[in-house]
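>>> this is a predicted model, with the sequence first.
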Amino acid sequence: MEGSSVRTLEKICVLCGANYGKDESYVKAAHRLGKILGKRGINLIYGGESLGLMGCVSRAAAVHGKRV
């Protein structure tokens, strides 16, 4: 499209539990989200907790190359 600009997502804020939850699918989804963020070069902003689902997201993003 002429005259339009595409903005790329540079960072995202994610808030989720400091527990793992009762269903393993939550942990898998949190890890997948972190991996996607890292691979796409999207910085993660989060509450700083390293436990539970939040820890899964942040560790996966860091392992796949992004600053958290």
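It's in.
>>> give me every residue that touches the residue positioned nearest the centre of the chain.
Centroid check for the chain by C-alpha atoms, centre = their mean gives Gly34 as the closest residue, at 3.6 Å. Contacts for Gly34 were tallied using C-beta atoms under 8 Å, 6 or more residues apart in numbering; they are 44, 56-64. Just so you know, the C-beta spots here come from the backbone N, C-alpha and C atoms, and that holds for glycine as well.
>>> name the element it belongs to?
For Gly34, the host element (DSSP states H and E) is helix 24-40.
>>> strands of the protein, start to end?
Using DSSP state E, the strands of the chain run over 11-13, 43-45.
>>> packed most tightly, which of the ones you listed would that be?
Of those, the one with the most neighbours on average (mean count of other C-beta atoms under 10 Å) is strand 43-45, at a mean of 16.
>>> which other helices and strands contact that one?
Judged by 3 or more C-beta pairs under 8 Å, 6 or more residues apart in numbering; DSSP states H and E, strand 43-45 is in contact with strand 11-13, helix 24-40, helix 52-63.
>>> single out the most deeply packed of these.
For the helices and strands packed on strand 43-45, the highest mean count by mean count of other C-beta under 10 Å goes to helix 52-63, at a mean of 20.
>>> list the helices and strands that one packs on?
For helix 52-63, the packing partners by 3+ C-beta pairs under 8 Å, 6+ apart are helix 24-40, strand 43-45.
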